[in-house]
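**Q** sequence isn't available, so here's the structure alone:
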């Protein structure tokens, strides 16, 4: 099997280039893309990529696999290999540090902007802040995000304005706290989002939904944020 | 919060609502005009000109013209800030973006004034 991998070492290479590897896949096996990358690393130990939990929980190995963003560790080779060939590139839209490793600073900066933590100005109760099962249910489909950046780096609005548009991942987290019955900073959070870029740069093309490895729906969350902004302003 | 001075309003929400509201107005106006042309296949200048003599038609047309101004301004502004920003033209991108935004605004404003001239036969 031929695997074409994006290579770039800023210390020695003037330009990024694609390097082809021949990888022998054991017969009758359908390994994950991460396993294939590990086989390549045995051939060429200089190949650099991030990985950690190898089971889709840590979100380290988000890559552009066969042109679509996904987690290498939970993407079976058979689903992405085309005619015994596979192309692996780093996540698009972020600066490449080396090979498949990208600089996630902009992504984290946008995440930080939405204040991704509970804000409650009431005195803390003796034991815990309670929620009804219905209130808790509103957080389903929001809290599961692992910040792998597959969605935001698949979004053209984020490519063009990564410093101004919060991006699908950050907005999913923004709504996670807007929807939380225990959070008391709803109005402040909404006021921070009511500019022409942060939320409204989303054109609803739903690339984020189609690539999310956890099956989450940032576009729906963005729609809810728009509705909340509209309700509080009319 | 990202600040911007060249978009339609200062607020993203206001821009967004305006673009959708004006889209409805433009849609209704287009369907009406198209319907009128289909219903009157033997349309002559006299009848067409009489339609635009009506006050309600002048209000409707002026509303559509102003809607084009608002709708296109939000759209053009979005396109220019997407594609004509620092990623494409470097740190001096504003020198490309701002004049183009002004040209578009003057053109759109011109359509409204020109439309008023035509409608009231000034």
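**A** Sure, I can see it. What you are looking at is a predicted structure, and each value in this text was computed from that prediction instead of being measured.
**Q** which element is residue B:4 on?
**A** Using DSSP states H and E, residue B:4 is not contained in any helix or strand.
**Q** pick out the residue closest to the middle of chain A.
**A** residue A:149 (2.1 Å; C-alpha atoms, centre = their mean).
**Q** what about it, distance to residue B:69?
**A** Separation of residue A:149 from residue B:69 (C-beta to C-beta, to the nearest Å): 39 Å. All C-beta spots, glycine's among them, are computed from the backbone N, C-alpha and C.
**Q** got the contact list for residue B:21?
**A** residue B:67 (C-beta atoms under 8 Å, 6 or more residues apart in numbering or on different chains).
**Q** no no, residue B:23
**A** Counting by C-beta under 8 Å, 6+ apart, residue B:23 has contacts residue B:71.
**Q** residues of the host helix or strand of it that come out buried?
**A** Residue B:23 is part of helix B:12-39, with elements assigned from DSSP H and E. Buried positions in helix B:12-39, judged by neighbour count with 16 or more other C-beta atoms under 10 Å in any protein chain shown: B:12-19, B:22, B:25-26, B:29.
**Q** repeat for stretch B:70-82
**A** B:70-74, B:76-78, B:80-82.
**Q** and that stretch, how far out from the chain's middle?
**A** Stretch B:70-82 sits 11 Å away from the centroid of its parent chain (C-alpha atoms, centre = their mean, to the nearest Å).
**Q** give me the residues contacting it.
**A** Contacts for stretch B:70-82 (C-beta under 8 Å, 6+ apart): A:156-157, A:160-161, A:196, A:201, B:4, B:6-8, B:15-16, B:18-19, B:22-23, B:26, B:97, B:100-101, B:104-105, B:108.
**Q** rerun that using 6 Å as the cut-off
**A** A:160, B:7-8, B:15, B:18-19, B:22, B:97, B:100-101, B:104, B:108 (C-beta atoms under 6 Å, 6 or more residues apart in numbering or on different chains).
**Q** what's the farthest-apart pair in those residues?
**A** Farthest pair in those (C-beta to C-beta) is A:160 and B:22. Separation: 23.9 Å.
**Q** tell me the pLDDT at residue B:1?
**A** Model confidence at residue B:1, given as pLDDT, is 69.
**Q** please apply the same query to residue B:7.
**A** At residue B:7, pLDDT is 81.
**Q** so is it in a helix, a strand, or just coil?
**A** Secondary structure for residue B:7, judged by DSSP: H, G, I helix; E, B strand; the rest coil, is coil.
**Q** next: residue A:49.
**A** Secondary structure of residue A:49, per three-state DSSP, is coil.
**Q** no further queries at this time; thank you.
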